[in-house]
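[1] Here is the input, now give the coordinates:
(chains A, B and C)
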Amino acid sequence: MMTKSAQRLTLFLLLAPAILWLGLLIVLPHVEILVLSFSERVAPRVYAFGFGNYLEFFTEPLYWRTFARTAGMSILVTALTLVLAFPIALYIARVAQGRLKAMLLLLCLLPFWVSELVRTLGWMMILRETGVLSYVLQATGLTAERVEFLYNDGAVILGLVYGGLLFMIVPLANALESLEPAVVEAGFDLGGSRWTVLRRIVIPHAMPGIVAGSIIVFMLTVGNFATPVLLGGKNGLWFTEQIYAQFITRFNWPQGAAFGMLLLLLSSAIVWLGLRLTGQSLGTTLKQA
Amino acid sequence: MLTKRASLKLATALAALMVVGTAQAAEKLRLLTWADYVPKDVMEQFTKETGIEVEVTLSNNEEMISKLRATQGAGFDLVQPSQDRIAGPQAEFGIYKPLDLSKIKSDLFIASMLEATKKNTTVEGKVYGVPHIWGTDGLIVNTKAAPKVADYNDLCDAALAGKTSFRAKRPALIAFAFANGMDPFASYKDPKAYAAMMDKVGAKLAECKKTVKFFWDGKDQLLNALRSGEVVAAMAWDTGGWKLNSENADIKFIAPKSGALGWVDTFAIPAKGRNDDAAYKWINFNMKPEIAAKVAASAGNFTASNGADKLMQGKLKDQFAESFPKAAIDNIKWYPAVPAGIEEIEGKVLDRLKAGS
Amino acid sequence: MAHSTDLDLVNVIKRFGSHAAVNDVSFSVAPGEFFSILGPSGCGKTTLMRMIAGFEHPTSGDIRIRGQSMIGVPANKRPVNMVFQSLALFPMMSVGENVAYGLTCRGVSRAEAEERANRMLERVGLKDFGERRVTALSGGQRQRVAIARCLVLEPTLVLLDEPLGALDLKLREHMKIELKQLQSTFNTTFAYITHDQSEALVMSDRIAVMNQGRFEQVGSPRELYHNPATPFVASFVGETNKWQGEASAASNGSVSVRLPSGTVLQGQGKEANKTSLAFVRPEAIALAQDASALGALANRFEGRVSAVLFDGANSSLLIDTVGFEQPVRAVLPQAGPLAGIEVGAPVHLGWTADAMKVFAA
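    The predicted structure is shown next:
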């Protein structure tokens, strides 16, 4: 009996950090946000239970349009990231060997040694009207005037794709690495062209990696704040800015909480839909990530 | 088992030691304020005189209120929101405690400013703020590139397309309301009328957005754009304008025709502040003319300290004189206290402005 | 035009840096032939096969299929298909899709490809397996899918890269026979590489023994076994006894070899007055309880059984023999007075001079 309870205690102590981490840092804040999102202001310092904050999202076109725009652009960013990351991951997984492979992965990792803010400011210095790109174009005579590349959706997409690239490359390279070289050779040997082998063998094999990378990039992008704020134009409001505005400048916490919950639910729904459409299960995807 | 118990005891002892350790550290004043309001030498002098260390956190109006709201007024011992942003949040969230005016040396303040601030920050008969630094919102203009800019509406001039900027925050709404012949302050008490007015202002700003390069967010972002010539006219704080004027005489701070917006940053004590004595000491210390002059120079603004203006450097005075002829001073629109609920109306207009295309 | 050979390699050399993995190899394979390349791992046989398939390119020399040079022809355009060592079935496709894959690559319509794949599966004994996942198949079934996937394309030549290596012994024995039968049913030319001499001997019409990038000998299994051309072939193909000694010439191909112990052996060989190797197959060694029964043999010795290695029909004896440093290996007769011989029993042994091949070391 003694040893049994001692074992149980040991198990509990070993699990304690994980349980605390999950409970205090993930579950508890979400529960609190959820509760908060159902309170409505009646008078100063008086709140009542209600669904008004959620109704506000659906009845005020401003909010759901902002969300739709954010989700749409995030999907575009995810697709662009995938298209860019695939050849890089393919090269890292199938061609590069030993030191070169490590170097390439390190190169992908390098931008993440500085904070997201610094990376974004770096882009600002390149893209702004008096920035590097504009200067180079002028110096080479390609344009006569200074050109502004910043403060538009293109700049936001560029910054987000750049930030998401690593999170796409790693699961993709992982998935592609496990593809037996002989299977690819067999694809060629039996008469497949490069495109056939890519479409019928390499991509289906990498599918769990593609899905894992896409989920990560989509979620990171939808929830990003600094990049759209700094690179975005006067027209582009990211949904997270809407949440920030509710919490910070409007002091309307319940509304911000409701938006936060909606972001979580709607982006999860999009991921679920994506999984259904590609016929992948979350289980195999998580294994890959 | 024994060793386990022993190690537990050791851990408890260590934890206890740590608690004692913090308690024994020097007395501390946790100050939540704006950039440049606490020059290093002023802070050092205060510590030397009182033995109190000052821990500074930089912020802005919205974040100050949000931070205090999150903790119900804990975490800081002294904060410096603008005078118009005290009464509303106090009524709504109860994040401040009333000031004990007997502990504040009122003769250190410019009397009229102290009275006005007290009046604006009074909730249910209790005073929550005293003035510290004041300044204005107006136009920073590169007079060579944009010689015609004289009022807020000129930021929407198609000739300046892609070269103007303002902050997508409430001062822009107020400013453009005045510039288009409305008086937003008069409608503060009537939410319906105010909402209608803000919708009109919002439409005007949406129109104006075509000429705007970006809605500026950080002061340095705007000043850099003005320096490089990417932006030639912007609605901004006077202090930034004078700073640029010192570097480039073409760039000037202009009091707009429809009136500069006057703001006053205050001292207020959070509801759960732990060191009120230190807070009052800091207020009285800061309002001494020689200290106030140093702070004003650092911030590039003016102080509510009585007599400090005589000690200020000539440059800023000259710049002020150039920007503010007598009539312009009289035309300054001072913010009255913002009633609760007004921010909600403004927020939606601003959200639409930023989200729409 | 029908061509008399399906595959010709002409002076093919493949270098990786300064190392020649394949060093000046030439051979031809006739239509319908089962041709094996046998050699230890690292001998260059895989490189040779990959050059034929089109995954590697020869440094010099020519590879021709039905007379057509394959130099510069990519793998997916060659009338050659390969069964990989790992089989390399497509795990993301069903059995039927695996077999139909090559057809669809050629532009055959989906329906027809499926139809032809199903017919092929039926021929290899996998009727109604089309819908299954390849991961749900047994080792032997996977093997058949891999071969069906090639045969459905009716290639000139099927390359097989040790496809039996991963199977367990029993299945491997079974698949040897099955492969041979498949090959004769379809009458397709097979080029098979292996390091397992028994696989090569059982299935092949001809075998090339490869060592260090070169062909040591090309011939029928019988030729290789009974008349090895080099000491490498003699020791690599089949079981054998091997001794080293000094050879001295006698008349018409006879050689006598003096072992370090002073014992002199009589054998066949061309080399003389050199350090040489002498090889005798265990089954060529005659055993008797009585010395007189071996009277006619050129080499006769006396020994004592040190071990009985019982393995059914392949059983053998190790005999400690006077004059030999290591025990001599001889096949244990399955009948007769010696069938029940025990360890420690004295025995007489001997072999003819013809049975002993002598090569320069």
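
[2] What separation is there between C:His57 and C:Arg50?
    Counting by Cβ to Cβ, to the nearest Å, the separation of C:His57 from C:Arg50 is 10 Å. From N, CA and C alone the C-beta is placed, and that goes for glycine too.

[3] again but with A:Pro204, I slipped
    Separation of A:Pro204 from C:Arg50 (Cβ to Cβ): 25 Å.

[4] pLDDT weak spots in the chain?
    By default, I'm working from chain A. Filtered on pLDDT under 70, chain A yields the residue ranges A:1-3, A:283-289.

[5] that's the wrong chain, I meant chain C
    In the predicted model, chain C carries pLDDT under 70 at residues C:1-3, C:250, C:271-273.

[6] Within range of chain A, give me the residues from it.
    Counting by Cβ under 8 Å from any Cβ of the partner chain, chain C comes close to chain A at C:53-55, C:74-77, C:80-82, C:84-86, C:88-93, C:101-102, C:105-106, C:149-150, C:153.

[7] Does B:Lys204 touch B:Asn180 like I think?
    Yes. Counting by Cβ atoms under 8 Å, B:Asn180 is a contact partner of B:Lys204 at 6.0 Å.

[8] quick one on the thing from earlier: buried subset of the residues of chain C next to chain A?
    Applying 16 or more other Cβ atoms under 10 Å in any protein chain shown to those, the neighbour count classes C:53-55, C:75-76, C:80-82, C:84-86, C:88-90, C:92-93, C:101-102, C:105, C:149-150, C:153 as buried.

[9] What about those, which are in helices?
    C:Ala53, C:Tyr101, C:Gly102, C:Cys105, C:Arg149, C:Cys150 (DSSP state H).

[10] out of the residues you listed, who's nearest C:Phe301?
    For those, the residue nearest C:Phe301 by Cβ to Cβ is C:Ala53; the value is 50.7 Å.

[11] what's the closest non-adjacent residue to that closest one?
    Leaving aside its chain neighbours, C:Ala53 sits nearest to C:Met82 (4.9 Å; criterion: Cβ to Cβ, 6 or more residues apart in numbering or on different chains).

[12] how long is stretch B:163-171 end to end?
    Stretch B:163-171 stretches 20 Å from its first residue to its last (Cα to Cα, to the nearest Å).

[13] Run the chain-centre distance for that stretch.
    Mean C-alpha position of stretch B:163-171 versus that of the full chain (Cα atoms, centre = their mean, to the nearest Å) differs by 16 Å.

[14] any chance you could map the helices in the stretch 101-250 of chain A?
    Taking DSSP state H, counting those that start in this stretch, the helices of the stretch 101-250 of chain A run over residues A:116-127, A:132-139, A:153-177, A:181-189, A:194-197, A:203-222, A:226-231, A:239-244.

[15] want to throw those helices into a markdown table with distance to C:Val145 and mean neighbour count?
    Shown next, in a markdown table, are the helices of the stretch 101-250 of chain A (distance: least, Cβ to Cβ, whole Å; neighbours: other Cβ atoms under 10 Å in any protein chain shown):
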| stretch | distance to C:Val145 | mean neighbour count |
| --- | --- | --- |
| helix A:116-127 | 50 | 17 |
| helix A:132-139 | 55 | 14 |
| helix A:153-177 | 24 | 23 |
| helix A:181-189 | 12 | 21 |
| helix A:194-197 | 19 | 14 |
| helix A:203-222 | 18 | 23 |
| helix A:226-231 | 50 | 22 |
| helix A:239-244 | 51 | 22 |
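
[16] I'd like the ones you listed as JSON lines, with distance to chain C appended.
    Listed next are the helices of the stretch 101-250 of chain A as JSON lines, based on distance: least, Cβ to the nearest Cβ, whole Å:
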{"stretch": "helix A:116-127", "distance to chain C": "36"}
{"stretch": "helix A:132-139", "distance to chain C": "41"}
{"stretch": "helix A:153-177", "distance to chain C": "12"}
{"stretch": "helix A:181-189", "distance to chain C": "4"}
{"stretch": "helix A:194-197", "distance to chain C": "6"}
{"stretch": "helix A:203-222", "distance to chain C": "4"}
{"stretch": "helix A:226-231", "distance to chain C": "36"}
{"stretch": "helix A:239-244", "distance to chain C": "37"}
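
[17] Determine which of those helices approaches C:Lys14 most closely.
    Among the helices of the stretch 101-250 of chain A, helix A:181-189 comes nearest to C:Lys14, with 17.0 Å by Cβ to Cβ.

[18] Can you get me the centre-to-centre distance for the closest one and its chain?
    Per Cα atoms, centre = their mean, the displacement of helix A:181-189 from the mean C-alpha position of its chain is 33 Å.

[19] Please apply the same query to stretch B:224-238.
    In terms of Cα atoms, centre = their mean, the centre of stretch B:224-238 is found 19 Å from the chain centre.

[20] rewinding a little: return the residues in contact with the residue nearest to C:Ala53.
    By Cβ atoms under 8 Å, 6 or more residues apart in numbering or on different chains, the contact set of C:Met82 is A:Glu185, A:Ala186, A:Asp189, C:Met49, C:Ala53, C:Cys150, C:Val158, C:Leu159, C:Leu160, C:Asp161.

[21] Distance of it relative to chain B?
    Counting by Cβ to the nearest Cβ, to the nearest Å, the gap from C:Met82 to chain B is 58 Å.

[22] Who is that residue paired with across the strands?
    Counting by DSSP bridges, C:Met82 is bridged to C:Leu159.

[23] State the distance from the residue most central in space within chain A to A:Met168.
    With distances taken as Cα atoms, centre = their mean, A:Leu220 lies nearest the centre of chain A, 2.2 Å away. Using Cβ to Cβ, A:Leu220 is found at 10 Å from A:Met168.

[24] And C:Ala200, how far from chain B?
    C:Ala200 is 68 Å from chain B, where distance means Cβ to the nearest Cβ.

[25] Burial check on that residue, number of neighbours?
    Neighbourhood size, C:Ala200 [other Cβ atoms under 10 Å in any protein chain shown]: 26.

[26] can I assume it is in contact with C:Ile207?
    Yes. Look at C:Ala200 against C:Ile207 with Cβ under 8 Å: they come within range, at 4.9 Å.

[27] list the residues that contact both of the two?
    Both C:Ala200 and C:Ile207 are in contact with C:Ser36, C:Leu38, C:Pro221, where contact means Cβ under 8 Å, 6+ apart.

[28] Just list the residues touching the last one, thanks.
    So the one you mean is C:Pro221. C:Ala200, C:Leu201, C:Ser204, C:Ile207.

[29] Please, which helix or strand holds the first one?
    Translated: C:Ala200. For C:Ala200, the host element (DSSP states H and E) is helix C:197-203.

[30] Could you list the buried residues of that helix?
    Within helix C:197-203, the residues that qualify as buried are C:Gln197, C:Glu199, C:Ala200, C:Leu201, C:Met203, counting by 16+ other Cβ under 10 Å.

[31] One more: stretch B:300-311?
    B:Gly300, B:Asn301, B:Phe302, B:Thr303, B:Ala304, B:Ser305, B:Asn306, B:Gly307, B:Ala308, B:Asp309, B:Leu311.

[32] and those near chain A, which?
    Applying Cβ under 8 Å from any Cβ to the buried residues of stretch B:300-311, none is adjacent to chain A.

[33] What about the residues you listed, which are in helices?
    Using DSSP H, none of those sit in helices.

[34] and which of the residues you listed is nearest chain C?
    Nearest to chain C out of the buried residues of stretch B:300-311 is B:Gly300 (Cβ to the nearest Cβ; 67.0 Å).

[35] hey, where'd the helices end up in the stretch 201-350 of chain C?
    C:221-226, C:231-236.

[36] make that chain B, sorry
    Using DSSP H, the helices of chain B run over B:2-24, B:40-50, B:61-71, B:87-93, B:111-120, B:170-179, B:191-208, B:219-228, B:238-247, B:276-287, B:289-299, B:314-323, B:326-330, B:342-355.
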